[in-house]
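**Student:** coordinates only, no sequence provided:
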């Protein structure tokens, strides 16, 4: 395997680790914390919006929820895999920056995108958790990347 292929796999694997950790945190916390962010609702709204634009009927909510979770994992894994652009010594800072940028985007962008603001910023606590949880995903990504680069 070439070095570039190895780096791509390490980047994607690290991004997947961060994305799965983030989604697990979202899904667990929403069941116990009333003000928890609801990335799943944003995902469901986004899928419905796109499907309606192309005159397709969105699936029932249970299936739509699964689609949203899958979409969150794939899109966040690809995003977090940008960690591979960093040198291993800068991975922690890069992971933190990626996570903070994603968290701020998750708070600021849904409203202008027509997805509503409540799922990620209905209260100050919700907005803070949103940013913090994406930061958590970025840090998990960085940790995974550092471990994979050591092998």
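**Tutor:** Received the coordinates, thanks. Bear in mind the structure is a predicted one, so any value in this text is a computation, not a measurement.

**Student:** relative to the whole chain's centre, how far out is stretch 98-109?
**Tutor:** For stretch 98-109, the distance from its own C-alpha centre to the chain's C-alpha centre is 9 Å (CA atoms, centre = their mean, to the nearest Å).

**Student:** just the mean pLDDT for that stretch, thanks.
**Tutor:** Averaged across stretch 98-109, the pLDDT comes to 98.

**Student:** show me what counts as buried in it.
**Tutor:** Residues of stretch 98-109 classed as buried by neighbour count (16 or more other CB atoms under 10 Å): 98, 99, 101, 102, 103, 106, 107. Yep, even glycine has a C-beta here, placed from its N, CA and C like the rest.

**Student:** tell me how far the first one lies from residue 56.
**Tutor:** Translated: residue 98. Separation of residue 98 from residue 56 (CB to CB, to the nearest Å): 32 Å.

**Student:** hmm, residue 73 is touching residue 20, no?
**Tutor:** Yes. At 6.2 Å, residue 73 and residue 20 qualify as touching, with contact defined as CB atoms under 8 Å.
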